[in-house]
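Student: got a structure for you, letters missing:
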């Protein structure tokens, strides 16, 4: 009998984390804040919309400070909190970054001068800790300025919450005809 044997390798590269549904983002503008030397300040957003959180991103975090190594930022949402930055770019001034758990690099590995250089990074704590929670309520960005001489200014920022909704795409069946 005639017989042939073949083999091949299929490589699939997927860098996205799996989602069990579609995500619909909603952005909330947050006020800036000035935090004096040795003080703690907050920027608060009251989210009126009520939905299950599927993703959380912090966008356009930019401002000035003489030593970012003296700054700690923490986000608190309804029912959860997480550390965003701490001890990044010691001795370096200013910041300009976004935080997204799908980024490939952590904020502690971001370039300095300004911190982040306008790029997108993972927070120190995993932003997926907020996933599954409720969106409605106060979201508070707390900033601690440990520098005894320098004032920190956060220009403004955006909280992006994505609502998790069921997939709208129907199942797709691909026929397989052996031998063709």
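Tutor: In hand now; what should we look at? If you're wondering where the values come from, they're calculated on a predicted model, not measured in any experiment.
Student: Every contact and neighbour count from this point should use C-alpha atoms.
Tutor: Noted.
Student: Do a quick rundown of the strands in the chain.
Tutor: Remark: strands assigned in the chain by DSSP state E are 22-30, 33-35, 40-47, 53-64, 71-77, 80-86, 95-100, 120-121, 137-145, 152-165.
Student: Can you say which of those strands is nearest to residue 177?
Tutor: strand 22-30 (31.8 Å; C-alpha to C-alpha).
Student: can you list contacts of the helix or strand bottoming out on mean pLDDT in the chain?
Tutor: Taking mean pLDDT, DSSP states H and E as the measure, the chain has strand 80-86 as its least confident helix or strand, at a mean of 90. Counting by C-alpha atoms under 8 Å, 6 or more residues apart in numbering, strand 80-86 makes contact with 69-76, 107-108, 123-127, 129-130, all of which sit outside it.
Student: what angle separates that strand from strand 53-64?
Tutor: Regarding strand 80-86 and strand 53-64, their directions subtend 30 degrees when assessed with axes from the mean of the first three to the mean of the last three C-alpha atoms, to 10 degrees.
Student: Could you tell me which of the contacts of strand 80-86 count as buried?
Tutor: Buried subset of those (neighbour count, 16 or more other C-alpha atoms under 10 Å): 69-76, 107-108, 123-125, 127, 130.
Student: distance of residue 165 from residue 78?
Tutor: As defined by C-alpha to C-alpha, to the nearest Å, residue 165 lies at a distance of 20 Å from residue 78.
Student: Kindly report the same for residue 38.
Tutor: As for residue 38, its distance to residue 78 is 27 Å (criterion: C-alpha to C-alpha).
Student: same thing with residue 96?
Tutor: Distance, residue 96 to residue 78, using C-alpha to C-alpha: 26 Å.
Student: just for this protein, where's the confidence low?
Tutor: Low-confidence segments of the chain (pLDDT under 70): 13-20, 169-170, 179-180.
Student: how about 50 then?
Tutor: Screening the chain residue by residue with the criterion pLDDT under 50, one finds no matching range.
Student: Number of residues surrounding residue 177?
Tutor: The burial metric for residue 177, expressed as a neighbour count using other C-alpha atoms under 10 Å, is 6.
Student: Tell me which residues touch it, please.
Tutor: Counting by C-alpha under 8 Å, 6+ apart, residue 177 touches no other residue.
Student: Then residue 94?
Tutor: Applying C-alpha under 8 Å, 6+ apart, we find residue 94 in contact with 62, 63, 64, 65, 66, 67, 68, 113, 114, 115.
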